[in-house]
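Peer 1: Below: sequence and its predicted model.
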2 protein chains.
Amino acid sequence: MTEVMIPRLCVIGVGLIGGSLARALKRSGAVGEVVGSGRCENNLRKALELGVVDRYETRLAAAVTGADVVLVAVPLGAIGAIFQSIAAALPDQAVLTDVGSSKGSVIADAIQAFGHLPPSFVPGHPIAGTERSGVEASFAELFQKRRVILTPLLETDPAAHNLIRTMWQATGAEVVDMGVRHHDEVLAATSHLPHMLAYALVDTLARMDDRAEIFRYAAGGFRDFTRIASSDPQMWHDICLANREALLAVLASFSADLARLSDAIRRADSQPILELFQRAKRARDNLYHLE
Amino acid sequence: MTEVMIPRLCVIGVGLIGGSLARALKRSGAVGEVVGSGRCENNLRKALELGVVDRYETRLAAAVTGADVVLVAVPLGAIGAIFQSIAAALPDQAVLTDVGSSKGSVIADAIQAFGHLPPSFVPGHPIAGTERSGVEASFAELFQKRRVILTPLLETDPAAHNLIRTMWQATGAEVVDMGVRHHDEVLAATSHLPHMLAYALVDTLARMDDRAEIFRYAAGGFRDFTRIASSDPQMWHDICLANREALLAVLASFSADLARLSDAIRRADSQPILELFQRAKRARDNLYHLE
């Protein structure tokens, strides 16, 4: 009989990401028991009914007892409080990891809660998700062929790092390591900024006088373009603030580019407009050349 | 035997839109002969091979001879020159229509070319398309269940208006009438602005130092969000300039909203951020509640 990779997994925050990881690990046989925990008992009961967790504990200290891996999958703004609550109860042998979209803020939260960076803490971020949320939206295939970024630090225990890498690989994901600051800059550009633009665009239109009329004539492109504006507002609020510095930098850079484009349109100056559109089309076509 | 709705249709610009209209009308039996014309003979030959047109004429005057409907489906920046070239040759009985994404500019082009607004001219705009272009991308179903906006004027002959409405209905489209200025404002908001944002975002990222790295970590949301940045640069350059006034107004309004969001993020002021995201999510979820 082969040994189970993670005899007991504790998932704090059994939503789309936490729930999908539990489902994927159960299906691959990489996990023994899954213990759920979180703020909302209704949600935990639903997770139990759906078979996503084997049992749940509403008290965090009870939830982490005897766990081999503790996964924190709550919105970024709540991670600090979770770390504070589990700091005393976390078993010595347990490996701690998270799925937050911003890594600098989570590492600061950990140092604050534990008084130092625990060697057993492996910061992680699966680049996967949908605009839906909650345990009902979770599914075992969510991470297949998706990337998971880990941002281990000098303090990180190599065995802990290795366990979390192997855990994500068992879901079908490709795992890569990255520096913390680099992660935060890359994600600000490719994920956080697009969400800000989609939310701001829909809100600009929703506040116009003839909004009913305007939305009636939105075509297919608009539907795709604004899909991410249906994402969870609280989660994205937290991401904005947690990754504030990198996000503001890329927002400023985008705003300057957009202002230059506006000026060129105002002056009816064809060349810079055409060049910008051509560069962008080339970059995107190269990116998705198989589409 | 029932009469054919349009015994001879002349399509100037046999690309995605012109080609798809020809295919749809042929399939529904609404058209007798389709005569293609345009700048590029290679493209016209391809259209003939694909059966999209029955014959082609490289000279515009020859192409419009004997036509019952002349459809101009070239990029907005070329419409004025086409009108000039066909003005003398256009048969008295022919109904003229176009598919430009901006209507004020096309109407100004018509007045310039004909010396007045011809009663047989029915400005039109099908709200359909893909990020692909060219006659190879055309297909008969493109307009099914899509909206086509007509912007007839006081001068417009009701019989001409009626023929163009019936023509689009034969493709499976829903046809609505709208005022010219209103059309241009609505399209600036729902289509032209999103394209500017998608192009500008991809270009901002493509110009960053670690662009290869950045694009590598783009997730599914990014792919959807930037799909429209793969659209034809020349066509969108023309739209920007043709609908400049309405586009600049909505661009200014969006930029102000984005600047307010940036400020709130900088100040870590949760409430306006959360409220904006919630309003946007509500508006988009209402729009696509069946998704």
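Peer 2: Sure thing, it's come through.
Peer 1: The closest residue to A:V95 other than its chain neighbours: what's it in contact with?
Peer 2: By the measure of C-beta to C-beta, 6 or more residues apart in numbering or on different chains, the closest residue to A:V95 outside its immediate chain neighbours is A:A160, 4.4 Å from it. Bear in mind the C-beta positions are built from the backbone N, C-alpha and C, glycine included. Counting by C-beta atoms under 8 Å, 6 or more residues apart in numbering or on different chains, A:A160 touches A:V95, A:P119, A:S120, A:F121, A:V122.
Peer 1: Show me what the first one is bridged to.
Peer 2: Right, A:V95. A:V69 (DSSP bridges).
Peer 1: you'd agree it is up against A:V70?
Peer 2: Yes: look at A:V95 against A:V70 with C-beta atoms under 8 Å: they come within range, at 7.3 Å.
Peer 1: Name the nearest of the contacts of A:A160 relative to chain B.
Peer 2: For the contacts of A:A160, the closest approach to chain B (C-beta to the nearest C-beta) belongs to A:V122, at 18.6 Å.
Peer 1: Need the phi and psi values for the closest one.
Peer 2: phi -120, psi 100 (degrees, to the nearest 10).
Peer 1: bridging residues for it?
Peer 2: Applying DSSP bridges to A:V122 gives these bridge partners: A:T97.
Peer 1: Below-threshold pLDDT in chain A: ranges please.
Peer 2: Scanning chain A for pLDDT under 70 picks out the ranges A:1-2, A:219-220, A:290-291.
Peer 1: Show the residue spans covered by the strands in it.
Peer 2: A:6-12, A:31-37, A:55-56, A:69-72, A:95-98, A:121-122, A:124-126, A:147-150, A:174-177 (DSSP state E).
Peer 1: where exactly do the helices run in chain A?
Peer 2: Residue ranges of the helices in chain A, as given by DSSP state H, are A:16-28, A:41-49, A:60-64, A:76-86, A:103-114, A:158-169, A:180-187, A:193-206, A:211-216, A:220-226, A:233-242, A:244-266, A:270-287.
Peer 1: Relative to B:A280, which of those is closest?
Peer 2: Of all these, helix A:193-206 sits nearest to B:A280, with 4.0 Å by C-beta to C-beta.
Peer 1: quick one: contacts of the closest one?
Peer 2: Under C-beta under 8 Å, 6+ apart, the answer for helix A:193-206 is A:211, A:214-215, A:225-229, A:231, A:236, A:239-240, A:247, A:250-251, A:254, B:189-190, B:193-194, B:197, B:201, B:221-222, B:225-226, B:250, B:253-254, B:257-258, B:261, B:276-277, B:279-284.
Peer 1: again, only using 7 Å
Peer 2: With contacts defined as C-beta atoms under 7 Å, 6 or more residues apart in numbering or on different chains, helix A:193-206 is touched by A:211, A:214-215, A:225-226, A:228-229, A:231, A:236, A:247, A:250-251, A:254, B:189, B:193-194, B:197, B:201, B:221-222, B:225, B:253-254, B:257-258, B:261, B:276-277, B:279-280, B:283-284.
Peer 1: Near chain B, which residues of the stretch 51-200 of chain A? Just list them.
Peer 2: Proximity of the stretch 51-200 of chain A to chain B, by C-beta under 7 Å from any C-beta of the partner chain, involves residues A:127-128, A:147, A:186, A:189-191, A:193-194, A:196-200.
Peer 1: Closest one of those to A:R59?
Peer 2: Distances from A:R59 to these, taken by C-beta to C-beta, are shortest for A:A128, at 29.7 Å.
Peer 1: quick one: the closest one and A:R147, what's the gap?
Peer 2: 8 Å (C-beta to C-beta, to the nearest Å).
Peer 1: likewise A:L201?
Peer 2: A:L201 is 27 Å from A:R147, by C-beta to C-beta.
Peer 1: Same drill for the two, tell me which one is more crowded.
Peer 2: A:L201 (25 against 19; other C-beta atoms under 10 Å in any protein chain shown).
Peer 1: residues contacting the closest residue to A:E131 other than its chain neighbours?
Peer 2: Excluding the flanking residues, the one nearest A:E131 by C-beta to C-beta, 6+ apart is A:S230, at 4.3 Å. The contact partners of A:S230, by C-beta under 7 Å, 6+ apart, come to A:E131, B:K281, B:R284, B:D285.
Peer 1: ok now do the second one, which residues does it touch?
Peer 2: What it means is B:K281. Counted by C-beta under 7 Å, 6+ apart, B:K281 has contacts A:A229, A:S230, A:P233.
Peer 1: Kindly recompute the last result at 8 Å.
Peer 2: Per C-beta under 8 Å, 6+ apart, neighbours of B:K281: A:Y199, A:A229, A:S230, A:S231, A:D232, A:P233.
Peer 1: Same check on the last one?
Peer 2: For B:D285, the set of contacting residues under the criterion of C-beta under 8 Å, 6+ apart consists of A:S230.
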